[in-house]
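Peer 1: make a model of this:
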Amino acid sequence: MSNNTSSIVSKVWSFCNPLRDVGVGYGDYLEQLTYLLFLKMADEYSKPPYNRTLIIPKEYNWESLTNKKGAELELHYATLLRELSTQKGLLGQIFTKSQNKIQDPAMLAKVIDMIDSEQWLVMGADVKGDIYEGLLEKNAEDVKSGAGQYFTPRSLIRTMVECVQPQPMKTIADPACGTGGFFLAAYDYLVANNKFDKDQNKFLKHSTFFGNEIVAGTRRLALMNLFLHNIGDIDSDNFISPADALIAATPITYDYILANPPFGKKSSQTFTNEEGELEKDDLTYNRQDFWATTSNKQLNFVQHIRTMLKTTGIAAVVVPDNVLFEGGAGETIRKKMLETTDLHTILRLPTGVFYAQGVKANVIFFDNKPASKDPWTKEIWVYDYRTNIHHTLKKNPLKLNDLKDFINCYNPSNRHNRKETFNAETNPEGRWRKFTYEEIVTRDKTSLDITWLKDKSLADLDNLPDPDVLAADIIENLESGLVSFREIMIKLNSKD
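Peer 2: Now for the predicted structure:
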């Protein structure tokens with residue numbers, strides 16, 4: 001195996017363009033890599049020094065692929081995918097609904113040869129992980145694939161993890177885990193900041209992470225992503241459930257929740273009507289443990305995440321603006337959150353950082369608490385990283401360094417010792433400000449959508465953002481408007 005990480009990355013990437021030329025997108029290539037890498041690593045586990053007995057039938061193992069070419073290879077590969085999808089545990093989950101998307105047998109053989117030429121188990125988890133994470137990010141950038149909705153900017157994830165500071169021998173969950181970004185960042189943080197004994201290592205590998213992901217292809221990518229980063233094992237049970245997390249309360253509770261639930265206000269299921277047309281039906285989850293019944297998916301996730309936490313549990317969750325200001329169920333939920341948890345911090349995010357366009361989002365940080373007659377939230381600290389901030393996905397992407405000031409203000413080592421940077425007289429442009437519980441509950445609808453900074457673009461025409469930033473903002477606003485119009489149309493059609 002080459003010790004040059006960049007040469008391995010280049011080799012894996014070298015197939016992207018030729019495959020795209022024959023209609024195989026990043027997502028399809030990523031899926032095929034997942035199947036093939038899993039089989040190759042299983043093959044390596046079955047040989048010295050590991051000598052493990054694996055559940056993969058011999059006729060469908062890695063060696064069954066390396067000695068075939070042409071139409072024989074294509075037919076055997078299709079059969080292999082179908083048969084392995086019926087297996088139990090992680091193996092079956094990796095191959096669920098698998099299909100061969102590389103229809104050119106010669107190209108398929110080249111990818112197999114590329115994977116066969118390396119010894120993957122002796123590579124560091126960071127090397128394998130970097131290769132796979134790079135492909136996931138490329139796939140997220142591919143607008144046609146729609147994969148961006150499952151990809152949270154890694155700089156934002158790392159920021160959330162650095163603020164929460166997860167500790168060893170604690171459980172971490174994500175009810176909408178996408179490709180597993182929060183798990184990997186938490187794993188990296190734990191490994192970098194602790195020395196583990198044998199039992200702690202075992203717990204980290206097998207008993208720390210738990211998630212839900214209802215999209216089979218995305219769940220597959222998450223499982224493989226974690227496996228390549230040394231989380232879970234080739235014959236371990238599946239720790240990412242395919243079930244809809246919102247259907248029912250979790251049977252166990254967790255120490256930490258780190259999540260970015262899917263954008264979009266409505267929970268819906270798609271069905272075919274009598275005319276053969278696709279329609280959407282709003283889903284309302286009737287849960288006894290929820291404070292309010294609503295079809296607003298984001299509000300349901302906030303309620304669900306609170307129920308997932310131990311009474312000492314800690315959460316950091318990305319939510320869109322409507323969660324902070326919407327009336328009705330939204331107001332009820334916010335009031336209950338302030339009463340039953342310590343909702344202590346809100347990070348206001350700028351637009352242009354997510355692959356889903358037109359999103360105005362925030363991160364809410366809260367600690368769960370036991371029952372009490374008095375509200376647990378005493379004050380909320382807000383960091384406004386939105387006003388007069390402009391990011392774009394390609395030219396000016398969000399970086400960890402951009403959020404370092406927020407992390408410092410958050411003061412993870414002792415968040416009870418914080419200092420405001422905002423001062424009406426001496427620093428009116430300060431982005432870090434405290435609001436008391438009394439100030440919050442007197443606001444209309446108990447709104448947590450709080451801003452105090454002046455938008456310079458409205459006041460100073462000489463300091464307008466670059467044209468491409470303005471164009472991106474216009475596109476985001478138009479697309480956000482289209483989403484709202486579609487929801488109105490669906491409602492109107494449902495009443496006909």
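
Peer 1: roughly how far apart are W120 and L492?
Peer 2: Distance, W120 to L492, by C-beta to C-beta, to the nearest Å: 54 Å. Every residue, glycine included, has its C-beta placed from N, CA and C.

Peer 1: more neighbours, those two?
Peer 2: The neighbour count for W120 versus L492, taken as other C-beta atoms under 10 Å, is higher for W120 (18 against 9).

Peer 1: quick check: closest non-adjacent residue to the more buried one.
Peer 2: Nearest residue to W120 in three dimensions, chain neighbours excluded: M41, at 5.2 Å (C-beta to C-beta, 6 or more residues apart in numbering).

Peer 1: again with I112
Peer 2: L65 (5.6 Å).

Peer 1: quick one, what contacts that neighbour?
Peer 2: Neighbour list for L65: 36, 39, 73, 76-77, 80, 112 [criterion: C-beta atoms under 8 Å, 6 or more residues apart in numbering].

Peer 1: out of the residues you listed, which end up buried?
Peer 2: Neighbour-count burial (16 or more other C-beta atoms under 10 Å) is assigned, among the contacts of L65, to 36, 39, 73, 76-77, 80, 112.

Peer 1: quick one: which of those residues is nearest to N417?
Peer 2: When these are ranked by distance to N417 (C-beta to C-beta), L36 comes first, at 51.5 Å.

Peer 1: in what helix or strand does the closest one lie?
Peer 2: Per DSSP states H and E: L36 is located in helix 26-45.

Peer 1: what comes up buried for the very next helix or strand once past that helix?
Peer 2: Sequence-wise, the next helix or strand downstream of helix 26-45 (DSSP H and E) is helix 63-66. Residues 64-66 are the ones in helix 63-66 that count as buried (16+ other C-beta under 10 Å).

Peer 1: list just the nearest of the residues you listed to T311.
Peer 2: L65 (50.7 Å).

Peer 1: who touches the residue lying closest to T446 once chain neighbours are set aside in this structure?
Peer 2: In space, and not counting its chain neighbours, T446 is closest to R334: 4.8 Å by C-beta to C-beta, 6+ apart. By C-beta under 8 Å, 6+ apart, R334 lies in contact with 324, 445-448.

Peer 1: rewinding a little: closest to G352 among the buried ones among the contacts of L65?
Peer 2: Nearest to G352 among those, counting by C-beta to C-beta, is L36 at 35.6 Å.

Peer 1: and A248, which of the three is it?
Peer 2: Taking DSSP: H, G, I helix; E, B strand; the rest coil as the rule, one finds A248 in the coil state.

Peer 1: please tell me how far it sits from Q288.
Peer 2: Distance, A248 to Q288, by C-beta to C-beta: 10 Å.

Peer 1: more neighbours: which of these two?
Peer 2: Neighbour comparison, A248 and Q288: the larger count goes to A248, with 13 against 5 (by other C-beta under 10 Å).

Peer 1: pretty sure the more buried one sits against R287.
Peer 2: Yes. Using C-beta atoms under 8 Å, A248 is in contact with R287, at 7.3 Å.

Peer 1: what are the contacting residues of stretch 405-425?
Peer 2: 159, 162-165, 344-345, 347, 365, 381, 383, 385, 427-434, 452.

Peer 1: can you select the buried ones from those residues in PyMOL?
Peer 2: Buried subset of these, written as a PyMOL selection, criterion 16+ other C-beta under 10 Å:
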select buried, resi 159+162+163+164+344+345+347+365+381+383+385+430+431+432+433
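
Peer 1: neighbours around K198, how many?
Peer 2: By other C-beta under 10 Å, 7 other residues sit near K198.

Peer 1: check what pLDDT it gets.
Peer 2: As predicted, K198 sits at a pLDDT of 95.

Peer 1: one more: D237?
Peer 2: 75.

Peer 1: coming back round to it: in strands, which of the contacts of stretch 405-425 appear?
Peer 2: Among the contacts of stretch 405-425, the residues falling in strands (DSSP state E) are 344-345, 347, 365, 381, 383, 432-434.

Peer 1: for the chain, name the helix or strand with the lowest mean pLDDT.
Peer 2: Lowest by mean pLDDT, DSSP states H and E among the helices and strands of the chain is strand 268-272, with a mean of 40.

Peer 1: any idea which strand is longest in the chain?
Peer 2: From DSSP E, the single longest strand across the chain is strand 309-320.

Peer 1: parallel or antiparallel, which strands does that one pair with?
Peer 2: According to DSSP bridges, strand 309-320 has the following sheet partners: strand 254-259 (parallel), strand 361-368 (antiparallel).

Peer 1: just the CA trace of the first one, in CSV.
Peer 2: What follows is strand 254-259 as a C-alpha-only set of coordinates in CSV (Å, rounded to 0.1, in the frame of the first residue of the first chain):
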residue,chain,number,x,y,z
TYR,A,254,-29.4,9.6,25.8
ASP,A,255,-26.7,11.8,27.3
TYR,A,256,-26.2,14.0,24.2
ILE,A,257,-28.3,14.9,21.1
LEU,A,258,-26.5,16.5,18.2
ALA,A,259,-28.7,17.0,15.2
